[in-house]
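S.K.: Attaching a predicted model along with its sequence, questions to come.
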Number of protein chains: 2
Amino acid sequence: MPKNRDAARASLENLYRIFTVTEAPDSTLGAIDQAITGDVAGFLQTHIVAIERSLEEIEADFSSFAVPEEPTYVSEYTEFVKENLVAHSVHTASPAFVGHMTSALPYFMLPMARLMTALNQNVVKVETSKAFTPMERQVLAMLHHLVYRREDDFYPKWIHNSQHALGAFCSGGTIANVTALWVARNRLFAPEGEFRGIAQEGLVRALKHRGADGIAVLVSERGHYSLGKAADLLGIGRDDLIKVQTDENNRIDLQALREECRRLRERNVIPLALVGIAGTTETGNIDPLEEMADLAQEIGCHFHVDAAWGGPTLFSGRHRHLLDGIERADSVTIDGHKQLYVPMGAGMVVFKDPTALSAIEHHANYILRHGSKDLGSHTLEGSRPGKAMLVHAGFSIIGRKGYELLIDTGIERARTFADKVRNHPEFELVTEPELNILTYRYCPPALQQALNEMPAQQRTGINLLLDQVCQLLQKYQREAGKTFVSRTRFHVARHDMELTVLRVVLANPLTTEEILDAVLAEQCEIVQRPEIQTLLHKAEELCSCLPKAASW
Amino acid sequence: MPKNRDAARASLENLYRIFTVTEAPDSTLGAIDQAITGDVAGFLQTHIVAIERSLEEIEADFSSFAVPEEPTYVSEYTEFVKENLVAHSVHTASPAFVGHMTSALPYFMLPMARLMTALNQNVVKVETSKAFTPMERQVLAMLHHLVYRREDDFYPKWIHNSQHALGAFCSGGTIANVTALWVARNRLFAPEGEFRGIAQEGLVRALKHRGADGIAVLVSERGHYSLGKAADLLGIGRDDLIKVQTDENNRIDLQALREECRRLRERNVIPLALVGIAGTTETGNIDPLEEMADLAQEIGCHFHVDAAWGGPTLFSGRHRHLLDGIERADSVTIDGHKQLYVPMGAGMVVFKDPTALSAIEHHANYILRHGSKDLGSHTLEGSRPGKAMLVHAGFSIIGRKGYELLIDTGIERARTFADKVRNHPEFELVTEPELNILTYRYCPPALQQALNEMPAQQRTGINLLLDQVCQLLQKYQREAGKTFVSRTRFHVARHDMELTVLRVVLANPLTTEEILDAVLAEQCEIVQRPEIQTLLHKAEELCSCLPKAASW
């Protein structure tokens, strides 16, 4: 916190000044913009994270807990922010930051976001958003069209229909997934005869009405953690978020899925929804959507596709077939802040049936009145900014062909990187990139050979040591601040155990092959550190202690 | 949609250019910023909404439903946005726009928001946010301190504690309220013996475990509509969101509240939470929080206070006593985008017990690992922008005293306006401003007198006509685009019926007395329109048809 507050007194005069943009001396506003833009640009060119201070040290700058009594000069606060916040943030746009679902943003997103802030519309109601309402509805229609490709006379009927909404714009994929399952739940228990619907009567009476003992959501074990939150929130319980095992390609095992559905029937539990994944968070794989759609149809349950990551693959003529079957989903989640290259905080969910969102419709007396076009009557969230305009800007400026290029480039680059990993003697590719995500780990040739030669059940000790190597390697690389990959942990069929692996996401168009080489080169350097060498020696010893392959 | 896309081809070269901020010619970025800022500033000075085009006409500009095939020039798109979106948005910052919870923003919010977009942090995890994590935790601690004023040695222990969170930063008040009730529900049904908790086992088994037939949330009939969504979402059902009647000051009727609690006991339904309101959306009133805290304590249930609007009154030495008892609440919602003067999309909820949020804790393998400081393990939302920095900026630059001045000024201005309405022969003040919100309606002197002289049950016909007057008046005023008030509808004790009323929110520090005079003057003009005169004549006729007061 800045300390010198003497002259920034809280007076009526100062108050008016601070609220009057036109009163702010051009130099002030310009200087802040410039200082900040310049700073960000400088920051962009040097490193991913500052290396000189640990999180604990940074915390000391953010440890006072009382709102400061006196006002501060804007210029003084700007200095504080530059030194203590900006300098210690993470350069998520760096082409060497390939560990999470981040990227450089198209430059026009900055002025557009600034405009959005300046206009400060609230799209919950038309009275505080006017043109932003049809604009958001258009964005949802475009997304709907991308997924469902309904006939041309379908859209004019629904796009600006005051009674309905083709989807919901959300703060992110989590709220989008929650909204989809909320709609599915409320449609399963729609009003019928004396029963006034679950929205009105609640889950207990809804189950009684249907004579069921519970409801369940089925998704592969690679499902996003937001589905667990949804199961908790909606009263289903995490026990009945059924995590179905995956095949060796991280896709849901259809046989196992059928088996789980059968078990639910035995327990008198209704399958509320099958959730297919189009781009798993950890490995980027796509579930067999056609077959899941068939099954959902067969058992008569909602089919949701979580395409938060992979949805924009639909822009690609070459790769869109990977998502075949998505057009049969009842609902689809796609994130704007992922592969639509919009700043953080933009999720969307679209529904095949344009009347589906009526299941969660709500009204209020001062807004959202019946028949109004207020967007808020069909969203979980209330007051919301006009963020859809950034998706609108992306769609308009980048265009279908631009997004196609982005998608194709990312997938191609991931294949290139996979080849590099595969051909490098010291690394083991764990999952192939179906889209632009892959996982691998450090594993020197001798250990790779030994592991290949021994039966899965003997590999545990060595793999546990390699897990530790992986964890340390990722930590040291992150702390060094030059390049960044993430790590995760999941069951790997080939080794028949959970492994810790390095994870790479290639969505930033500025990431070059040279940078990918540098990532691997840095990792080869880091493993030379004594702590890691000790672990590797232990693993080698373990190999030599075990009986030779020939004797098994 | 702009049409000329010929030259903005989707090529790799163009793609790199668009993602490289430093490559964007200074003039481009600067020109967009300038064009947009200039445009907004121009727009600010002239009107609240454009009057030349209806919503239906605007929809025509947003009616194509396919993502454009080809890219477009940024400059061309900017023109489109200026003409079709900006020019037809709503000037929510105008000092004459006093109908909703909007205001001018402090000018520094613009460059700060731009910085936030440029850095594009994702605060769900430290790896993509670093310093933004302790910054957000500090903001939550400051809000906690504002509400609970815990002892000084409390905060150092909890503020940066990796196991816990003092609150959750949300996209808005709705998610904040949902989070509060979710936590309350999960704490009511915490793991106990063989029962593994509602998060795991779901609502049905949770109720069975407690031997109860349901759970209910109690709030006054002025409660925000987000609570209905929460009751639906959480599986409670809207029937068991018990809307308790209010007294003549729009505060919850404590006797009725007790009575509802008794009825729930008879039905074997557990009261999950009492919700007190600190600043009702429609009338700005504050429930008797001390007495509600007493009752919650007596019956052993969660006490939540929805202070989305009124929370910042705690900054005011003169008015904070109005919220006495809030410090006894188990959870409190406060919106940043309301009286903290932050741009749209910032809600917060704080919990008295720093371990409360453990009830909804969740983890994932690639982030949110146990023991990490990742903020995402205690929030409903997943990926989120670093919006807490805008609250941090407000707290730091405006300071406690600055916010006090804003709050005091708003309340004072509301009292001034109430006096104007009361003293104006043609208006009837419906609700007094306890904070900075008030409601009133147009009602000429003859009708006021007639209504006063007749018993409540005779007034229906006249009031129905006045409702129509109110509705038309608000509509015409909105369409004229000079000044703006909103309208709502609620039960008015004095007339013993639901009335449509005009609603004014005075939070914009730039709103002057002259503007308030202009609002009333414009309304007096609008009622001269023939449609409204016809309604008023009918009302007068109705008066003369009814038996004279003396004969009752």
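M.R.: Noted; the coordinates are in hand.

S.K.: distance between the ends of stretch A:322-337?
M.R.: Distance between the boundary residues of stretch A:322-337 (CA to CA, to the nearest Å) amounts to 22 Å.

S.K.: One more: stretch A:294-306?
M.R.: When the termini of stretch A:294-306 are compared using CA to CA, they are 17 Å apart.

S.K.: Contacts made by it with the rest, please.
M.R.: A:173, A:177, A:180-181, A:184, A:187-188, A:219, A:223-224, A:227, A:254, A:257-258, A:261, A:270-278, A:289, A:292-293, A:326, A:328-333 (CB atoms under 8 Å, 6 or more residues apart in numbering or on different chains). C-beta coordinates here come from the backbone N, C-alpha and C atoms, glycine included.

S.K.: out of those, which are inside strands?
M.R.: A:Val219, A:Ile270, A:Pro271, A:Leu272, A:Ala273, A:Leu274, A:Val275, A:Gly276, A:Ile277, A:Ser331, A:Val332, A:Thr333 (DSSP state E).

S.K.: contacts for the helix or strand harbouring A:Lys157?
M.R.: A:Lys157 is part of helix A:155-158 when elements are defined by DSSP states H and E. Residues outside helix A:155-158 that contact it (CB under 8 Å, 6+ apart) are A:Ala141, A:His144, A:His145, A:His164, A:Leu166, A:Pro354, B:Ser63, B:Phe65.

S.K.: Could I get the buried residue list for that helix?
M.R.: The neighbour-count check on helix A:155-158 (16 or more other CB atoms under 10 Å in any protein chain shown) flags A:Tyr155, A:Trp158 as buried.

S.K.: tell me the domain ranges of chain A?
M.R.: Per the record, chain A has its domains at A:17-89, A:119-401, A:410-545, by automatic domain parsing.

S.K.: now the helix holding A:Lys157, how far from the centre of its chain.
M.R.: Mean C-alpha position of helix A:155-158 versus that of the full chain (CA atoms, centre = their mean, to the nearest Å) differs by 30 Å.

S.K.: In helices only, show me the contacts of helix A:155-158.
M.R.: Counted as lying in helices by DSSP state H, out of the contacts of helix A:155-158, are A:Ala141, A:His144, A:His145.

S.K.: Of the residues you listed, select the buried ones using a PyMOL command.
M.R.: Filtering the ones in helices among the contacts of helix A:155-158 down to the buried ones (16+ other CB under 10 Å) takes a single PyMOL command:
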select buried, chain A and resi 141+144+145
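
S.K.: Can you narrow the ones in helices among the contacts of helix A:155-158 down to the ones near chain B?
M.R.: A:Ala141, A:His144, A:His145 (CB under 8 Å from any CB of the partner chain).

S.K.: Contact partners for the last one?
M.R.: What that stands for is A:His145. A:His145 is in contact with A:Tyr155, B:Phe65, B:Ala66, B:Val67, counting by CB under 8 Å, 6+ apart.

S.K.: Repeat that for the first one.
M.R.: Under the criterion of CB under 8 Å, 6+ apart, the contact partners of A:Ala141 comprise A:Tyr155, A:Trp158, A:Ile159, A:Leu166, B:Phe65.

S.K.: How many residues are close by the fourth one?
M.R.: The reference is to A:Leu166. Neighbourhood size, A:Leu166 [other CB atoms under 10 Å in any protein chain shown]: 30.

S.K.: likewise the third one?
M.R.: Counted by other CB under 10 Å, the residues lying close to A:Ile159 total 24.

S.K.: could you measure the closest residue in space to it that isn't next to it in sequence against B:Gly347, distance?
M.R.: Closest residue to A:Ile159 apart from its sequence neighbours, by CB to CB, 6 or more residues apart in numbering or on different chains: A:Ala141 at 4.4 Å. Computed as CB to CB, to the nearest Å, the A:Ala141 to B:Gly347 distance reads 28 Å.
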